[in-house]
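Enquirer: got a sequence here, can you build the structure:
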Amino acid sequence: MKNADTTVLVIYGNHLILRESPRGWAIVVPDQLQIDNFYHGVHIHPDRAVLPIKGRETIFNIVADHLEREKGINHDKLRKELGL
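Expert: The predicted structure is shown next:
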């Protein structure tokens with residue numbers, strides 16, 4: 001992503017990255033999680049399930065709170081917290 005703004009939080013050794021560009025945004029925990037709004041609306045990878053929550057900041061805060069509480073990513077719990 002060229003011309004992207006990047007925000008990085010480190011929570012219990014996990015890097016939570018928010019990248020914003022003119023095309024869209026992505027929330028990533030490397031090798032564990034990717035949520036973005038490129039091409040298919042707001043969705044989570046790898047299955048591209050569309051999230052009912054559309055707000056970038058809301059999703060970022062849900063993931064950050066999840067990392068704090070669980071000290072990592074519990075995919076099943078996080079998907080429920082995101083409305084899936």
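Enquirer: what is the end-to-end distance of stretch 27-45?
Expert: 11 Å (CA to CA, to the nearest Å).
Enquirer: correction: stretch 19-30
Expert: First-to-last residue span, stretch 19-30, CA to CA: 13 Å.
Enquirer: from the chain's centre, how far out does it sit?
Expert: 8 Å (CA atoms, centre = their mean, to the nearest Å).
Enquirer: where exactly do the helices run in this structure?
Expert: Ranges of helices within the chain are 56-70, 75-81, based on DSSP state H.
Enquirer: tell me which of these is the most buried.
Expert: helix 56-70 (a mean of 16; mean count of other CB atoms under 10 Å). Glycine gets a C-beta too; all of them are placed from N, C-alpha and C.
Enquirer: what mean pLDDT does that one have?
Expert: Averaged over helix 56-70, pLDDT sits at 97.
Enquirer: mind exporting it as CSV, just the C-alpha atoms?
Expert: What follows is helix 56-70, C-alpha atoms only, in CSV (Å, rounded to 0.1, in the frame of the first residue of the first chain):
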residue,chain,number,x,y,z
ARG,A,56,-12.8,0.5,11.4
GLU,A,57,-12.2,2.0,14.8
THR,A,58,-14.8,-0.2,16.5
ILE,A,59,-13.3,-3.4,15.0
PHE,A,60,-9.8,-2.2,15.9
ASN,A,61,-10.9,-1.7,19.5
ILE,A,62,-12.7,-5.1,19.7
VAL,A,63,-9.5,-6.8,18.5
ALA,A,64,-7.3,-4.8,20.9
ASP,A,65,-9.6,-5.6,23.9
HIS,A,66,-9.6,-9.3,22.8
LEU,A,67,-5.8,-9.4,22.7
GLU,A,68,-5.7,-7.8,26.2
ARG,A,69,-8.2,-10.2,27.7
GLU,A,70,-7.0,-13.4,26.0
